[in-house]
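Q: Sequence first, then the predicted structure:
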Amino acid sequence: MQLKTILNRIQKFKSFVYRSIRWVEDAKVPTIEAELRSRTNSRPVCSGCSHKRPGYDRLPMRRFEFIPMWGIRVFFLYVPRRVDCPTCGIRVERMPWSEGKHRLTETYAWFLAGWARRLSWKEVAEAFRTTWDHVFCSVEMAVTWGQEKRDLSGIGAIGIDEIQWQRGHKYLTLVYQIDADCLRLLWIGKKRKVKTLLGFFRWFGKERTRELDYICSDMWKPYLRVIAKKAGHAIHILDRFHIMAKLRKAIDKVRAQEAKELKEKGYDPVLTKSRWLLLKRPENLTEEQETKLADLLQYNLKSIRSYLLKEEFQFFWSYKSPYWAGLFLDKWCTKTMRSKIEPMKDIARSLRKHRPLLLNWFRAKGQFSSGIVEGFNNKAKLTTRKAYGFRTYHAAEIALYHALGALPVPKMTHEFF
Ligand SMILES: [Zn+2]
(Lines give C-alpha, C1' and ligand atoms only; values in the text may rest on other atoms or scores of the structure.)
Protein backbone atom coordinates (compact mmCIF):
# COMPACT_ATOMS: atom_id res chain seq x y z
CA MET A 1 0.00 0.00 0.00
CA GLN A 2 1.32 3.37 -0.91
CA LEU A 3 1.43 6.30 1.47
CA LYS A 4 -0.67 8.24 -1.04
CA THR A 5 -3.41 5.62 -0.71
CA ILE A 6 -3.37 6.00 3.05
CA LEU A 7 -3.52 9.78 2.84
CA ASN A 8 -6.46 9.53 0.45
CA ARG A 9 -8.24 7.32 2.96
CA ILE A 10 -7.73 9.49 5.99
CA GLN A 11 -7.43 13.01 4.63
CA LYS A 12 -8.99 13.57 1.23
CA PHE A 13 -9.69 17.03 -0.16
CA LYS A 14 -12.32 17.54 -2.82
CA SER A 15 -10.54 19.85 -5.23
CA PHE A 16 -6.95 18.87 -4.46
CA VAL A 17 -4.88 15.75 -5.08
CA TYR A 18 -1.70 14.31 -3.61
CA ARG A 19 1.14 14.25 -6.11
CA SER A 20 4.61 13.09 -5.28
CA ILE A 21 5.46 11.97 -1.76
CA ARG A 22 9.12 11.94 -0.87
CA TRP A 23 11.54 11.26 1.95
CA VAL A 24 13.59 14.37 2.75
CA GLU A 25 17.20 13.23 2.66
CA ASP A 26 19.05 15.94 4.56
CA ALA A 27 16.51 16.66 7.34
CA LYS A 28 17.68 16.52 10.97
CA VAL A 29 14.56 14.62 12.02
CA PRO A 30 13.15 12.00 9.60
CA THR A 31 10.71 13.90 7.38
CA ILE A 32 8.25 13.13 4.61
CA GLU A 33 6.84 15.74 2.25
CA ALA A 34 3.60 15.25 0.35
CA GLU A 35 2.94 17.62 -2.47
CA LEU A 36 -0.61 18.80 -3.04
CA ARG A 37 -1.95 20.17 -6.33
CA SER A 38 -5.26 21.65 -7.23
CA ARG A 39 -7.29 19.54 -9.66
CA THR A 40 -6.96 20.58 -13.26
CA ASN A 41 -9.62 23.11 -14.23
CA SER A 42 -10.73 23.61 -10.61
CA ARG A 43 -11.21 27.26 -9.80
CA PRO A 44 -9.75 28.65 -6.57
CA VAL A 45 -12.07 29.68 -3.73
CA CYS A 46 -11.64 33.13 -2.23
CA SER A 47 -10.60 32.92 1.45
CA GLY A 48 -12.56 36.09 2.15
CA CYS A 49 -16.02 35.26 0.85
CA SER A 50 -15.83 31.52 0.04
CA HIS A 51 -16.89 32.03 -3.58
CA LYS A 52 -15.16 30.56 -6.61
CA ARG A 53 -13.16 33.31 -8.28
CA PRO A 54 -10.81 33.65 -11.24
CA GLY A 55 -7.15 32.99 -10.46
CA TYR A 56 -4.74 35.91 -10.26
CA ASP A 57 -1.24 34.54 -9.62
CA ARG A 58 0.65 32.07 -7.46
CA LEU A 59 2.57 32.56 -4.21
CA PRO A 60 5.79 30.79 -3.28
CA MET A 61 5.47 27.20 -2.07
CA ARG A 62 4.35 26.77 1.55
CA ARG A 63 4.78 23.90 4.02
CA PHE A 64 2.02 22.80 6.37
CA GLU A 65 2.75 20.33 9.13
CA PHE A 66 0.55 17.23 9.36
CA ILE A 67 0.33 14.60 12.14
CA PRO A 68 3.69 12.83 12.53
CA MET A 69 3.78 9.05 12.26
CA TRP A 70 6.37 6.58 13.56
CA GLY A 71 8.48 9.54 14.67
CA ILE A 72 8.54 10.88 11.13
CA ARG A 73 7.42 14.45 10.57
CA VAL A 74 4.92 14.86 7.76
CA PHE A 75 4.47 18.04 5.72
CA PHE A 76 2.11 19.06 2.95
CA LEU A 77 3.66 21.23 0.27
CA TYR A 78 1.46 23.51 -1.75
CA VAL A 79 1.81 26.50 -4.03
CA PRO A 80 -1.17 28.71 -3.09
CA ARG A 81 -3.04 30.58 -5.78
CA ARG A 82 -4.34 34.08 -5.33
CA VAL A 83 -7.74 35.09 -6.62
CA ASP A 84 -9.01 38.28 -8.12
CA CYS A 85 -12.22 38.71 -6.14
CA PRO A 86 -14.67 41.49 -7.04
CA THR A 87 -15.74 41.70 -3.38
CA CYS A 88 -12.52 41.13 -1.47
CA GLY A 89 -9.80 42.17 -3.94
CA ILE A 90 -6.64 40.16 -4.45
CA ARG A 91 -6.75 37.36 -1.88
CA VAL A 92 -5.08 34.07 -1.23
CA GLU A 93 -7.30 31.08 -1.98
CA ARG A 94 -8.90 28.98 0.73
CA MET A 95 -7.05 25.77 1.50
CA PRO A 96 -9.21 23.18 3.25
CA TRP A 97 -6.32 21.79 5.33
CA SER A 98 -5.30 25.04 6.93
CA GLU A 99 -6.81 28.25 8.14
CA GLY A 100 -5.23 31.62 7.70
CA LYS A 101 -1.53 31.90 8.20
CA HIS A 102 -1.14 28.79 10.38
CA ARG A 103 1.79 26.56 9.66
CA LEU A 104 0.00 23.54 11.08
CA THR A 105 -2.73 21.73 9.21
CA GLU A 106 -6.07 21.92 10.97
CA THR A 107 -6.08 18.17 11.51
CA TYR A 108 -2.73 18.36 13.28
CA ALA A 109 -3.91 21.31 15.38
CA TRP A 110 -6.99 19.34 16.51
CA PHE A 111 -4.74 16.39 17.24
CA LEU A 112 -2.47 18.50 19.48
CA ALA A 113 -5.45 20.17 21.14
CA GLY A 114 -6.88 16.72 21.90
CA TRP A 115 -3.71 15.63 23.64
CA ALA A 116 -3.56 18.94 25.49
CA ARG A 117 -6.66 17.85 27.40
CA ARG A 118 -4.71 14.95 28.85
CA LEU A 119 -1.18 16.30 29.19
CA SER A 120 0.28 19.68 30.01
CA TRP A 121 1.08 21.85 27.01
CA LYS A 122 4.78 21.38 27.67
CA GLU A 123 4.41 17.61 27.67
CA VAL A 124 2.44 17.68 24.41
CA ALA A 125 5.14 19.80 22.78
CA GLU A 126 7.81 17.36 23.93
CA ALA A 127 5.89 14.23 22.96
CA PHE A 128 5.32 15.41 19.41
CA ARG A 129 8.56 17.34 18.99
CA THR A 130 6.82 20.59 18.41
CA THR A 131 6.89 23.92 20.22
CA TRP A 132 4.86 25.24 23.14
CA ASP A 133 3.62 27.99 20.83
CA HIS A 134 2.27 25.49 18.34
CA VAL A 135 0.43 23.67 21.09
CA PHE A 136 -0.94 26.95 22.40
CA CYS A 137 -2.13 28.06 18.94
CA SER A 138 -3.80 24.68 18.46
CA VAL A 139 -5.67 24.87 21.75
CA GLU A 140 -6.62 28.46 21.01
CA MET A 141 -7.99 27.40 17.64
CA ALA A 142 -10.00 24.57 19.25
CA VAL A 143 -11.42 26.93 21.90
CA THR A 144 -12.35 29.62 19.38
CA TRP A 145 -14.07 27.06 17.16
CA GLY A 146 -15.87 25.43 20.08
CA GLN A 147 -17.10 28.73 21.48
CA GLU A 148 -18.59 29.73 18.14
CA LYS A 149 -20.35 26.41 17.78
CA ARG A 150 -21.53 25.80 21.35
CA ASP A 151 -25.19 25.80 22.18
CA LEU A 152 -26.18 28.26 24.92
CA SER A 153 -29.87 27.47 25.00
CA GLY A 154 -31.71 25.96 27.94
CA ILE A 155 -29.36 27.09 30.71
CA GLY A 156 -31.36 26.92 33.95
CA ALA A 157 -28.73 26.93 36.67
CA ILE A 158 -25.38 28.62 37.04
CA GLY A 159 -22.70 28.63 39.71
CA ILE A 160 -20.43 31.59 40.29
CA ASP A 161 -17.02 30.91 41.72
CA GLU A 162 -13.65 32.53 42.04
CA ILE A 163 -10.12 31.20 41.94
CA GLN A 164 -6.82 32.78 42.73
CA TRP A 165 -4.26 32.76 40.01
CA GLN A 166 -0.65 33.78 39.79
CA ARG A 167 0.87 34.95 43.00
CA GLY A 168 -0.64 37.57 45.24
CA HIS A 169 -4.28 38.42 45.32
CA LYS A 170 -5.28 38.12 41.72
CA TYR A 171 -8.63 36.52 41.14
CA LEU A 172 -10.62 35.16 38.25
CA THR A 173 -14.40 34.92 38.29
CA LEU A 174 -15.70 31.72 36.77
CA VAL A 175 -19.31 31.05 35.82
CA TYR A 176 -20.40 27.45 35.33
CA GLN A 177 -23.54 25.89 34.00
CA ILE A 178 -24.63 23.42 36.69
CA ASP A 179 -27.77 21.87 35.23
CA ALA A 180 -27.97 18.14 35.92
CA ASP A 181 -27.60 17.28 32.25
CA CYS A 182 -24.98 19.86 31.38
CA LEU A 183 -21.98 20.81 33.47
CA ARG A 184 -19.45 23.15 31.95
CA LEU A 185 -17.51 26.35 32.30
CA LEU A 186 -19.41 29.13 30.55
CA TRP A 187 -17.50 32.30 31.17
CA ILE A 188 -14.32 33.72 32.70
CA GLY A 189 -13.72 37.27 33.87
CA LYS A 190 -10.75 39.08 35.30
CA LYS A 191 -10.93 39.98 39.01
CA ARG A 192 -14.02 39.56 41.19
CA LYS A 193 -15.56 42.97 41.22
CA VAL A 194 -19.06 44.23 40.54
CA LYS A 195 -17.85 45.18 37.08
CA THR A 196 -16.58 41.66 36.48
CA LEU A 197 -19.88 39.94 37.07
CA LEU A 198 -21.79 42.68 35.26
CA GLY A 199 -19.61 41.72 32.31
CA PHE A 200 -20.95 38.18 32.51
CA PHE A 201 -24.58 39.29 32.45
CA ARG A 202 -23.93 41.65 29.57
CA TRP A 203 -22.40 38.80 27.58
CA PHE A 204 -25.09 36.32 28.64
CA GLY A 205 -27.90 38.61 27.54
CA LYS A 206 -31.25 39.55 29.04
CA GLU A 207 -33.19 36.78 27.38
CA ARG A 208 -31.03 33.94 28.65
CA THR A 209 -30.83 35.57 32.09
CA ARG A 210 -34.62 35.54 32.30
CA GLU A 211 -34.56 31.76 31.87
CA LEU A 212 -32.28 31.20 34.86
CA ASP A 213 -33.97 29.40 37.76
CA TYR A 214 -31.06 28.94 40.13
CA ILE A 215 -27.84 30.77 40.87
CA CYS A 216 -25.25 29.42 43.30
CA SER A 217 -22.56 31.64 44.71
CA ASP A 218 -20.59 32.42 47.82
CA MET A 219 -21.13 35.39 50.15
CA TRP A 220 -18.81 37.71 48.27
CA LYS A 221 -20.59 41.04 48.39
CA PRO A 222 -20.02 42.25 44.82
CA TYR A 223 -21.48 39.00 43.50
CA LEU A 224 -24.51 39.25 45.78
CA ARG A 225 -25.17 42.78 44.63
CA VAL A 226 -24.96 41.98 40.94
CA ILE A 227 -27.08 38.83 41.21
CA ALA A 228 -29.80 40.72 43.10
CA LYS A 229 -29.79 43.44 40.49
CA LYS A 230 -29.56 41.37 37.34
CA ALA A 231 -31.33 38.13 38.20
CA GLY A 232 -33.58 38.87 41.16
CA HIS A 233 -36.17 36.43 39.84
CA ALA A 234 -33.89 33.37 40.18
CA ILE A 235 -33.49 31.44 43.43
CA HIS A 236 -30.15 32.53 44.76
CA ILE A 237 -28.37 29.84 46.75
CA LEU A 238 -25.34 30.21 48.95
CA ASP A 239 -23.75 26.89 48.37
CA ARG A 240 -22.39 24.46 50.84
CA PHE A 241 -18.91 24.25 49.43
CA HIS A 242 -18.21 27.95 49.79
CA ILE A 243 -19.61 28.16 53.30
CA MET A 244 -17.66 25.18 54.58
CA ALA A 245 -14.56 26.62 52.94
CA LYS A 246 -15.13 29.85 54.89
CA LEU A 247 -15.46 27.92 58.13
CA ARG A 248 -12.23 26.06 57.48
CA LYS A 249 -10.49 29.34 56.80
CA ALA A 250 -11.74 30.77 60.09
CA ILE A 251 -10.53 27.73 62.03
CA ASP A 252 -7.15 28.02 60.41
CA LYS A 253 -6.94 31.62 61.52
CA VAL A 254 -7.91 30.75 65.10
CA ARG A 255 -5.41 27.91 65.23
CA ALA A 256 -2.51 29.92 63.81
CA GLN A 257 -3.09 32.74 66.25
CA GLU A 258 -3.52 30.45 69.22
CA ALA A 259 -0.42 28.44 68.38
CA LYS A 260 1.54 31.67 68.33
CA GLU A 261 0.12 32.78 71.68
CA LEU A 262 0.87 29.42 73.30
CA LYS A 263 4.42 29.49 72.04
CA GLU A 264 4.96 32.97 73.40
CA LYS A 265 3.70 31.85 76.78
CA GLY A 266 6.06 28.86 76.69
CA TYR A 267 3.46 26.09 76.45
CA ASP A 268 3.85 22.78 74.62
CA PRO A 269 3.43 23.21 70.87
CA VAL A 270 0.32 20.99 70.75
CA LEU A 271 -1.18 22.97 67.93
CA THR A 272 1.70 23.39 65.56
CA LYS A 273 1.25 20.08 63.76
CA SER A 274 -2.49 19.82 64.08
CA ARG A 275 -3.53 21.91 61.12
CA TRP A 276 -4.93 19.08 59.01
CA LEU A 277 -6.55 17.36 61.95
CA LEU A 278 -8.81 20.30 62.41
CA LEU A 279 -9.53 20.96 58.76
CA LYS A 280 -10.26 17.42 57.62
CA ARG A 281 -13.59 15.69 58.09
CA PRO A 282 -13.28 13.19 60.98
CA GLU A 283 -14.12 10.26 58.69
CA ASN A 284 -11.11 11.09 56.52
CA LEU A 285 -8.56 10.88 59.32
CA THR A 286 -6.03 8.08 59.63
CA GLU A 287 -5.94 6.03 62.82
CA GLU A 288 -2.90 7.88 64.10
CA GLN A 289 -4.53 11.21 63.37
CA GLU A 290 -7.66 10.09 65.18
CA THR A 291 -5.66 9.37 68.33
CA LYS A 292 -3.98 12.72 68.08
CA LEU A 293 -7.31 14.47 67.61
CA ALA A 294 -8.70 12.66 70.69
CA ASP A 295 -5.72 13.99 72.66
CA LEU A 296 -6.23 17.49 71.38
CA LEU A 297 -9.90 17.52 72.25
CA GLN A 298 -9.02 17.34 75.95
CA TYR A 299 -7.64 20.84 75.86
CA ASN A 300 -10.07 23.67 76.20
CA LEU A 301 -8.57 25.60 73.34
CA LYS A 302 -10.26 28.08 71.03
CA SER A 303 -9.10 26.02 68.07
CA ILE A 304 -10.79 22.96 69.43
CA ARG A 305 -13.99 24.79 70.21
CA SER A 306 -14.01 26.25 66.71
CA TYR A 307 -13.46 22.82 65.28
CA LEU A 308 -16.42 21.45 67.23
CA LEU A 309 -18.59 24.32 66.06
CA LYS A 310 -17.68 23.56 62.46
CA GLU A 311 -18.47 19.88 62.87
CA GLU A 312 -21.76 20.76 64.48
CA PHE A 313 -22.60 23.01 61.56
CA GLN A 314 -22.41 20.01 59.21
CA PHE A 315 -25.82 18.99 60.58
CA PHE A 316 -27.33 22.06 58.97
CA TRP A 317 -27.06 20.48 55.54
CA SER A 318 -28.93 17.34 56.53
CA TYR A 319 -32.24 19.13 57.16
CA LYS A 320 -35.12 18.67 54.77
CA SER A 321 -37.28 21.62 55.67
CA PRO A 322 -36.13 25.22 55.49
CA TYR A 323 -38.06 25.91 58.72
CA TRP A 324 -36.11 23.48 60.91
CA ALA A 325 -32.88 24.30 59.16
CA GLY A 326 -33.57 27.94 60.00
CA LEU A 327 -34.07 27.16 63.69
CA PHE A 328 -30.86 25.17 63.76
CA LEU A 329 -29.01 28.02 62.09
CA ASP A 330 -30.29 30.57 64.62
CA LYS A 331 -29.23 28.39 67.54
CA TRP A 332 -25.83 27.73 66.06
CA CYS A 333 -25.26 31.43 65.46
CA THR A 334 -26.27 32.39 69.02
CA LYS A 335 -23.93 29.79 70.45
CA THR A 336 -21.08 30.89 68.20
CA MET A 337 -21.62 34.56 69.06
CA ARG A 338 -21.13 33.62 72.73
CA SER A 339 -17.91 31.73 72.01
CA LYS A 340 -15.75 34.85 72.18
CA ILE A 341 -13.79 33.57 69.19
CA GLU A 342 -13.65 36.48 66.79
CA PRO A 343 -13.13 34.72 63.42
CA MET A 344 -16.02 32.36 64.23
CA LYS A 345 -18.22 35.25 65.31
CA ASP A 346 -17.54 36.89 61.95
CA ILE A 347 -18.89 33.80 60.24
CA ALA A 348 -21.97 33.69 62.44
CA ARG A 349 -22.66 37.35 61.69
CA SER A 350 -22.45 36.86 57.97
CA LEU A 351 -24.58 33.70 58.07
CA ARG A 352 -27.25 35.56 60.01
CA LYS A 353 -27.17 38.37 57.52
CA HIS A 354 -27.68 36.00 54.61
CA ARG A 355 -30.19 33.74 56.33
CA PRO A 356 -32.78 33.76 53.48
CA LEU A 357 -30.17 32.97 50.84
CA LEU A 358 -28.82 30.16 52.97
CA LEU A 359 -32.26 28.64 53.40
CA ASN A 360 -32.71 28.73 49.64
CA TRP A 361 -30.40 25.74 49.65
CA PHE A 362 -33.32 23.73 51.01
CA ARG A 363 -35.79 25.23 48.58
CA ALA A 364 -33.61 23.94 45.76
CA LYS A 365 -32.89 20.64 47.44
CA GLY A 366 -32.39 17.76 45.09
CA GLN A 367 -31.47 20.04 42.20
CA PHE A 368 -27.73 20.04 42.67
CA SER A 369 -25.21 17.96 44.43
CA SER A 370 -23.04 20.10 46.63
CA GLY A 371 -19.94 18.73 44.99
CA ILE A 372 -20.49 20.32 41.59
CA VAL A 373 -18.97 23.74 42.18
CA GLU A 374 -16.32 22.23 44.41
CA GLY A 375 -15.33 19.77 41.69
CA PHE A 376 -15.05 22.55 39.14
CA ASN A 377 -13.09 24.67 41.59
CA ASN A 378 -10.53 21.92 42.12
CA LYS A 379 -10.15 21.27 38.42
CA ALA A 380 -9.78 24.97 37.66
CA LYS A 381 -7.08 25.33 40.30
CA LEU A 382 -5.30 22.29 38.96
CA THR A 383 -5.42 23.65 35.42
CA THR A 384 -3.94 27.00 36.34
CA ARG A 385 -1.36 25.42 38.64
CA LYS A 386 -0.25 22.74 36.20
CA ALA A 387 0.36 25.30 33.55
CA TYR A 388 2.80 27.64 35.16
CA GLY A 389 3.67 28.53 31.60
CA PHE A 390 0.59 30.76 31.56
CA ARG A 391 2.24 34.06 32.04
CA THR A 392 -0.62 35.87 30.39
CA TYR A 393 -4.25 36.07 31.31
CA HIS A 394 -5.20 35.08 27.78
CA ALA A 395 -3.32 31.79 28.00
CA ALA A 396 -4.91 30.94 31.36
CA GLU A 397 -8.32 31.75 29.92
CA ILE A 398 -7.76 29.50 26.90
CA ALA A 399 -6.52 26.66 29.12
CA LEU A 400 -9.56 26.88 31.41
CA TYR A 401 -12.08 26.90 28.57
CA HIS A 402 -10.27 23.98 26.99
CA ALA A 403 -10.23 21.93 30.18
CA LEU A 404 -13.67 22.77 31.59
CA GLY A 405 -15.77 24.24 28.79
CA ALA A 406 -17.01 20.90 27.38
CA LEU A 407 -16.68 22.58 23.99
CA PRO A 408 -17.82 20.80 20.84
CA VAL A 409 -15.27 19.43 18.37
CA PRO A 410 -15.73 18.88 14.64
CA LYS A 411 -16.71 15.52 13.20
CA MET A 412 -13.83 14.23 11.12
CA THR A 413 -14.04 11.42 8.61
CA HIS A 414 -11.15 9.71 10.32
CA GLU A 415 -10.44 9.73 14.06
CA PHE A 416 -6.85 10.73 14.56
CA PHE A 417 -7.09 11.00 18.28
ZN1 LIG B 1 -13.96 37.19 -1.93
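A: Happy to help now that I have it. Since the structure is predicted, the reported quantities are computational estimates derived from the model, not experimental observations.

Q: Look at the residue lying closest to V226 once chain neighbours are set aside and give its secondary structure.
A: Closest residue in space to V226, ignoring its immediate chain neighbours: L197 at 4.1 Å, by C-beta to C-beta, 6 or more residues apart in numbering. For every residue, glycine as well, the C-beta is placed using N, CA and C. When classified by DSSP: H, G, I helix; E, B strand; the rest coil, L197 comes out as helix.

Q: what's the burial count for K149?
A: Neighbour count for K149, taken as other C-beta atoms under 10 Å: 11.

Q: Repeat that for D133.
A: 10.

Q: for K310, same thing?
A: 20.

Q: Mind checking what secondary structure it has?
A: helix.

Q: any idea how far the ion is from it?
A: Counting by C-beta to the ion, to the nearest Å, the separation of K310 from the ion is 65 Å.

Q: That residue touches A245, doesn't it?
A: No. Applying C-beta atoms under 8 Å as the test, K310 and A245 come out as separate, 11.1 Å apart.

Q: the helices in the stretch 1-150 of the chain, which residues?
A: Listed in chain order, the helices of the stretch 1-150 of the chain (DSSP state H, counting those that start in this stretch) span 3-10, 106-115, 121-127, 132-149.

Q: Pick the most buried one from those helices.
A: Most buried of the helices of the stretch 1-150 of the chain by mean neighbour count (mean count of other C-beta atoms under 10 Å) is helix 106-115; its value is a mean of 22.

Q: I'd like the helices of the stretch 1-150 of the chain written out as CSV, with distance to K265 added.
A: Rendered in CSV, the data for these read as follows (distance: least, C-beta to C-beta, whole Å):
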stretch, distance to K265
helix 3-10, 74
helix 106-115, 57
helix 121-127, 49
helix 132-149, 53
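
Q: And the helix or strand bottoming out on mean pLDDT in the chain, how far out from the chain middle?
A: Of all helical and strand segments in the chain, the minimum by mean pLDDT, DSSP states H and E falls on helix 275-279, at a mean of 73. Offset of helix 275-279 from its chain centre (C-alpha atoms, centre = their mean, to the nearest Å): 28 Å.

Q: helices or strands up against that helix?
A: Contacting helix 275-279 under the criterion 3 or more C-beta pairs under 8 Å, 6 or more residues apart in numbering; DSSP states H and E are the following elements: helix 240-264, helix 287-296, helix 302-313.

Q: Could you look over the ones you listed and pick the most buried one?
A: Note that of the helices and strands packed on helix 275-279, helix 302-313 is the most buried (mean count of other C-beta under 10 Å), with a mean of 20.

Q: Buried residues, the helix or strand that that one is followed by. List them.
A: The helix or strand immediately downstream of helix 302-313 is helix 322-337, counting by DSSP states H and E. By neighbour count on 16 or more other C-beta atoms under 10 Å, the buried set for helix 322-337 is P322, A325, G326, F328, L329, W332, C333, T336.

Q: can you give me the angle helix 322-337 makes with helix 302-313?
A: Put simply, helix 322-337 runs at 170 degrees to helix 302-313, going by axes from the mean of the first three to the mean of the last three C-alpha atoms, to 10 degrees.

Q: Could you identify the helix or strand that succeeds helix 322-337?
A: helix 342-353.

Q: I'd say K190 and Q166 touch.
A: No. Applying C-beta under 8 Å as the test, K190 and Q166 come out as separate, 11.4 Å apart.

Q: Okay, Q166 and L297: tell me how far apart.
A: 39 Å (C-beta to C-beta, to the nearest Å).

Q: Check K345 too.
A: In terms of C-beta to C-beta, K345 sits 22 Å off from L297.

Q: ok, now how distant is whichever residue of the stretch 201-350 of the chain sits closest to the ion from Q147?
A: At 30.7 Å from the ion, W203 is the closest residue in the stretch 201-350 of the chain, using C-beta to the ion. If you measure W203 against Q147 using C-beta to C-beta, the figure is 11 Å.
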